[in-house]
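Chemist: Need coordinates for the following:
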Amino acid sequence: MKADHFTDERIDDIRSGRSPLTAEERAFLLEDTPSFEECSYTKAELAAMPDADLMSAAYGVWADYVRCMY
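Modeler: Modelled structure (predicted):
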């Protein structure tokens, strides 16, 4: 799976609760979400989150990560 799997529509479906994460999507987010000292979530905290919260957290962490790069 690649990050581009998560289209705006797919993200909206997950965040709204219309469609849960698949096991593969959840595993991808848990493995692919960057962890760096500025990240406010541990891997255990991410793993314990419901689907909508995990999607939002992963999206936010990636946005922060990219912002730090520039």
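
Chemist: buried ones in the helix or strand hosting residue 9?
Modeler: For residue 9, the element it lies in under DSSP states H and E is helix 8-16. Under the neighbour-count criterion of 16 or more other C-beta atoms under 10 Å, helix 8-16 has 13, 14, 15 buried. All C-beta atoms are positioned from the backbone trio N, CA, C, and that covers glycine.

Chemist: Make TSV out of the residues you listed and add pLDDT and distance to residue 34.
Modeler: Output for those, formatted as TSV (pLDDT from 0 to 100; distance: C-beta to C-beta, whole Å):
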residue	pLDDT	distance to residue 34
13	94	23
14	92	19
15	90	20
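
Chemist: can you put these in JSON lines and add distance to residue 40?
Modeler: As requested, these are exported to JSON lines (distance: C-beta to C-beta, whole Å):
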{"residue": "13", "distance to residue 40": "25"}
{"residue": "14", "distance to residue 40": "20"}
{"residue": "15", "distance to residue 40": "19"}
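
Chemist: and the residue sitting nearest the centre point of the chain, what is it in contact with?
Modeler: Nearest to the mean C-alpha position of the chain, by C-alpha atoms, centre = their mean, lies residue 58 at 2.5 Å. Neighbouring residues of residue 58 by C-beta atoms under 8 Å, 6 or more residues apart in numbering: 29, 32, 33, 46.

Chemist: Go again with 6 Å.
Modeler: 29, 33 (C-beta atoms under 6 Å, 6 or more residues apart in numbering).

Chemist: host element of it?
Modeler: Element membership for residue 58, per DSSP H and E: helix 51-69.
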